[in-house]
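Peer 1: Structure here, sequence nowhere to be found:
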């Protein structure tokens, strides 16, 4: 066989506008067991597998022999065997065995991606391997089991660009209109201005609301919720929602509450929106209470609520994608509530530009 | 039809060849209730909704903010609220509220289409709004409840261009081959020549057949059916089928029967074939007897028959579309029975040409 | 967000690289009964039908009138009637009747393909009809009922190029890795070198293995299997698997066993991989024992095994196709086991080149 196949061409690849030199979440740790796991990031098919010592390896999902999927292969100790014609690869992707012949051509190599398993997520570096810097992995500490958070987890596959999911997460004014039935969110989320701060690789949001219905925290009644999130490159979202008695916001002078202020409830959600292909994304989510204010039952109750709410988001975002696809020259009209969306997208655009021009990758979101 | 179709390669967007300055049927009146209704015409996504006074409004299905579908919005009196981030639009499409900010940019406008609700159909003008002329709405009077016709209604979504549906309706010779089992149609429909007349915006068909099996009218036996239809731009089809005792055709000298000639049966069908997208169409149909010769039971019996027959048409037409898509340079060979098809398509082509050149839109089908 | 969306356009058409001047299997004989049968070869829709004398006729599936599918037509003696508007065609594709008119335009002709029914398969010549040479039909003699083989048959529709199926069949090293559970195949299939011989229109494979588990032949134990196949243009595969007592390979001096050497078991499989469209193929298969060593029960047992094994192949090959489609400039790295694959594909490429340059079509695979 000579080169006969090409993908659907002249197809726009919007994910090309994503930053490559970044760590993307490709799977939950629990997704990768004794057999390889097939995933996709930025249109590239990946095979995630573990050596017998448990270490994560990420290959392109493509045997160099005849391009069979390595995710259909078999783990053999510290090696992976392609189960089409039996070639064996070590953890660097080097072919170490071809059945029926002694000579192994140097080109017989599977591409291995820099990969790290941390915070229950399998991270893969999609850019220049020489630039893979583990310090750039976002610190998703609440996912670590020893941090006291009881988080339920899940996955949703989206028929939309990942960036639309990020836009949704960043602009919490949508809570007032998309989730009033599931989260009991009032219009306050849309009419009150949060404090927005630029981070080196993201944006931070902080908001006090007062005298709101208490939906998530149990116990009902009215509360002052304090909400803060960090949205971090390339699409990692860490949101903490802490609930206090009415009056706390004012007592705190609308500043961030100190550790000494005792909350009624405290919940964390860690999420990742990974571009998988042309207008597709995988959304990794988690949610749950701190063990000091909730237990597994509370966590499961929140997950039921989350699945309903995230289905509302998905319907809206995939609808938005369909409209975008039917629009010749789509343009948006930013609003005041969009400020952090604009900031985050400008940061991303800057990183992409720098990456393409070979410049430094530093950069802080312009406030 | 001249050569209008090309194959799947370099896939054409045939709906661009439809006339824009025309009223298209976007929905049945009953489709649009308290919540917006999503429809598509010529590839453009539409949101149809009602003000609290019941008046129909048609927007593009696209919020100018971040392009969420307005069909997922909420009717609020005479206004529509986008339920993604809460922007509110009045009936002209002007944004009148943005939650969390006072200034409303003039560009925050949803496109509103000229729209009219008439004869139980929601009509939308797809061309220059300044040219929207309600007198061009085809007079589909039998759909009006006070006209004495008992019409059942339905919708079929086609995986084909709308024009193939029109071609099918215009050339009734297909009745002999597609529907002999459902309608009991003999070869006479293919071998007898109708009288064809050019209309300012369509073609008229008139045909007497003699001594035919009586399938639709109940009672069985042999009859003389008189059939006439008007096919009107941009795809509106009104067909009346009136059944008389054998001998009536000859007694009428094969001219149109007068009002004084008492029929055994009398039925009307009003149909619309609306291009919804690239090779997709929505087909709106109705059929039923006049109340002087039938009741609801007769209507329901006709609708059972119609659904079987329309499924036969759909299988053939979608098959035809697949063949067209697999044909590099598709050309047709017109036959005698095709004369009204050619006339109607030439009229449409003329209107499209005039529209593109900015000329007048008048024009009569050349016989 | 800026303009990022366009539809999928201009898809590559790899089937154009298949040889046209060849006989392709379009159907099993039993597929074509009293009504036309729709098939596809190399993207061309076909209507296969029988005259009242049983003779096979193959038309393009396209009425010249308005391009309705002739496979929805009706057989009328030695003629076929299009059941959209009633045109009738004789076996040469000439239109002999147009309802409602006397004159028949000469252009009203359906394309008729050279077609031959032989060895239970319906063969169609996709190239220049003047070059259609029945002597080029591969001699698939074991399919003939009077040859003593009891073959079960089946069809699989592939979401892949036909050539990937051929590559799979030619390189039997895959037996060791894809089918160990179903066929009990050891690694010997990958580590032992077959004798490969170039044929005028294909390649021949011959291999003795020794002391292998006996899975297909019944009786269990260890055996020496002798395997030989011919892979013939344009994708016809005849494989014979004969099983002997351990020691036979050596006794035969590893040469082809003579007719005097009595086998324990003897099975034939005849297969065809026909390109149906862009990345789709229809796979015709058969398998079964010779009546001297097996009966219908044995045949049915083999077919159960075959369906499991062919599902394993299909999963791998369609996975391979998906990887190819996701690869910008796909290249393979041939191995020793690939030698007959390379030979066969070079032969095919040579035939395609000669066909395009108008040269002779002779040519033998270079060893």
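Peer 2: All right, it came through fine. Since this is a predicted model, take the numbers as computed values, not measurements.
Peer 1: switch to C-alpha atoms for all contacts and neighbour counts from now on
Peer 2: OK.
Peer 1: Could you list the low-pLDDT ranges of chain A?
Peer 2: Low-confidence segments of chain A, defined by pLDDT under 70: A:1-16, A:217-218, A:359-367.
Peer 1: helices or strands next to the helix ranked longest in chain A in the packing?
Peer 2: Longest helix in chain A by number of residues, with DSSP state H as the criterion: helix A:296-325. Here helix A:296-325 is seen to pack against strand A:152-158, helix A:162-170, helix A:180-183, strand A:280-289 when contacts are counted using 3 or more Cα pairs under 8 Å, 6 or more residues apart in numbering or on different chains; DSSP states H and E.
Peer 1: Please identify the most buried of those.
Peer 2: When neighbours are counted by mean count of other Cα atoms under 10 Å in any protein chain shown, the highest per-stretch mean among these falls to strand A:280-289, a mean of 24.
Peer 1: okay, the angle between that one and helix A:162-170?
Peer 2: Note on geometry: by axes from the mean of the first three to the mean of the last three Cα atoms, to 10 degrees, strand A:280-289 and helix A:162-170 are set 30 degrees apart in direction.
Peer 1: what about residue A:176, which SS state?
Peer 2: Secondary structure state of residue A:176, per DSSP: H, G, I helix; E, B strand; the rest coil, is helix.
Peer 1: before we move on, what about residue A:243?
Peer 2: Local secondary structure at residue A:243 is given as strand here, using three-state DSSP.
Peer 1: how close does it get to residue A:220?
Peer 2: When distance is defined by Cα to Cα, to the nearest Å, residue A:243 is 11 Å away from residue A:220.
Peer 1: Tell me which of those two has more neighbours.
Peer 2: residue A:243 (25 against 10; other Cα atoms under 10 Å in any protein chain shown).
Peer 1: For the more buried one, which residues are in contact?
Peer 2: If you count contacts by Cα atoms under 8 Å, 6 or more residues apart in numbering or on different chains, residue A:243 has them with A:217, A:223-226, A:263-266.
Peer 1: Just the closest of these to residue C:59, please.
Peer 2: Distance from residue C:59 was checked for each of the contacts of residue A:243 by Cα to Cα. The minimum falls on residue A:217, at 70.7 Å.
Peer 1: Domain-wise, how is chain A divided?
Peer 2: The record's domain parsing of chain A by automatic domain parsing lists A:17-136, A:145-357.
Peer 1: ok, how many other residues are close to the closest residue to residue A:30 other than its chain neighbours?
Peer 2: Nearest residue to residue A:30 in three dimensions, chain neighbours excluded: residue A:120, at 7.6 Å (Cα to Cα, 6 or more residues apart in numbering or on different chains). Here the neighbour count serves as a burial measure; for residue A:120 (other Cα under 10 Å) it reads 17.
Peer 1: Test my guess that residue A:120 contacts residue A:144.
Peer 2: Yes: with contacts defined as Cα atoms under 8 Å, residue A:120 counts as touching residue A:144 at a distance of 6.9 Å.
Peer 1: So in that sheet, which strands flank the strand or helix carrying residue A:80, and in what orientation?
Peer 2: Using DSSP states H and E, the element containing residue A:80 is strand A:79-81. When pairing is defined by DSSP bridges, strand A:79-81 lines up against strand A:74-76 (antiparallel), strand A:88-89 (antiparallel).
Peer 1: highest average neighbour count across these?
Peer 2: In terms of average neighbour count - mean count of other Cα under 10 Å - the standout among those is strand A:88-89, at a mean of 24.
Peer 1: Assess the claim that residue A:333 and residue B:63 are in contact.
Peer 2: No: counting by Cα under 8 Å, residue A:333 stays clear of residue B:63, with 9.5 Å between them.
Peer 1: and those two? which has more neighbours close in?
Peer 2: Neighbour count, other Cα under 10 Å: between residue A:333 and residue B:63, residue B:63 has more, with 31 against 15.
Peer 1: Would you report the backbone torsion angles of residue A:232?
Peer 2: Per-residue torsions, residue A:232: phi -120, psi 140 (degrees, to the nearest 10).
Peer 1: what's around it, how many residues?
Peer 2: What residue A:232 shows, counting by other Cα under 10 Å, is a neighbour count of 22.
Peer 1: That one bridge partners, please.
Peer 2: Beta-bridge pairing of residue A:232, defined through DSSP bridges, involves residue A:202, residue A:236.
Peer 1: Could you double-check that it sits in contact with residue A:137?
Peer 2: No: counting by Cα under 8 Å, no contact exists between residue A:232 and residue A:137, whose distance comes to 9.7 Å.
Peer 1: most neighbours, which of the contacts of residue A:243?
Peer 2: With neighbours set by other Cα under 10 Å, the maximum within the contacts of residue A:243 is found at residue A:225, which has 27 neighbours.
Peer 1: Residue A:255 versus the residue lying closest to that residue once chain neighbours are set aside, what's the distance?
Peer 2: Using Cα to Cα, 6+ apart and skipping the chain neighbours, the partner closest in space to residue A:225 is residue A:243 (4.4 Å). Summarising the geometry, the distance separating residue A:243 from residue A:255, computed by Cα to Cα, is 14 Å.
Peer 1: cool, and residue A:315?
Peer 2: 35 Å.
Peer 1: Pull the contacting residues for the residue nearest to residue A:30.
Peer 2: With contacts defined as Cα under 8 Å, 6+ apart, the neighbours of residue A:120 are A:28-30, A:143-144.
Peer 1: most surrounded residue in those?
Peer 2: Per-residue neighbour counts (other Cα under 10 Å) across the contacts of residue A:120 peak at residue A:143, which has 25 neighbours.
Peer 1: show me the contacts for it.
Peer 2: Residues in contact with residue A:143, defined by Cα under 8 Å, 6+ apart, are A:119-120, A:149, A:151, A:270.
Peer 1: Quick check: closest non-adjacent residue to the most centrally placed residue in chain A.
Peer 2: Closest to where the C-alpha atoms of chain A average out (Cα atoms, centre = their mean) is residue A:272, at 1.4 Å. On the basis of Cα to Cα, 6+ apart, the spatially nearest residue to residue A:272 that is not a chain neighbour turns out to be residue A:236, at 4.6 Å.
Peer 1: before we move on, back to that, okay, the contacts of residue A:243 in a markdown table with distance to residue C:309 and secondary structure next?
Peer 2: Compiled in a markdown table, the contacts of residue A:243 are given as follows (distance: Cα to Cα, whole Å; DSSP: H, G, I helix; E, B strand; the rest coil):
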| residue | distance to residue C:309 | secondary structure |
| --- | --- | --- |
| A:217 | 55 | coil |
| A:223 | 63 | strand |
| A:224 | 63 | strand |
| A:225 | 59 | strand |
| A:226 | 59 | strand |
| A:263 | 61 | coil |
| A:264 | 60 | coil |
| A:265 | 56 | strand |
| A:266 | 54 | strand |
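Peer 1: what's the closest of these to chain C?
Peer 2: residue A:226 (29.8 Å; Cα to the nearest Cα).
Peer 1: Excluding chain neighbours, what is closest to that closest one?
Peer 2: Nearest residue to residue A:226 in three dimensions, chain neighbours excluded: residue A:208, at 4.7 Å (Cα to Cα, 6+ apart).
Peer 1: so how far is residue C:309 from residue A:99?
Peer 2: Taking Cα to Cα as the criterion, residue A:99 is separated from residue C:309 by 21 Å.
Peer 1: number of nearby residues for residue A:102?
Peer 2: For residue A:102, which is what you asked about, the neighbour count (other Cα under 10 Å) is 10.
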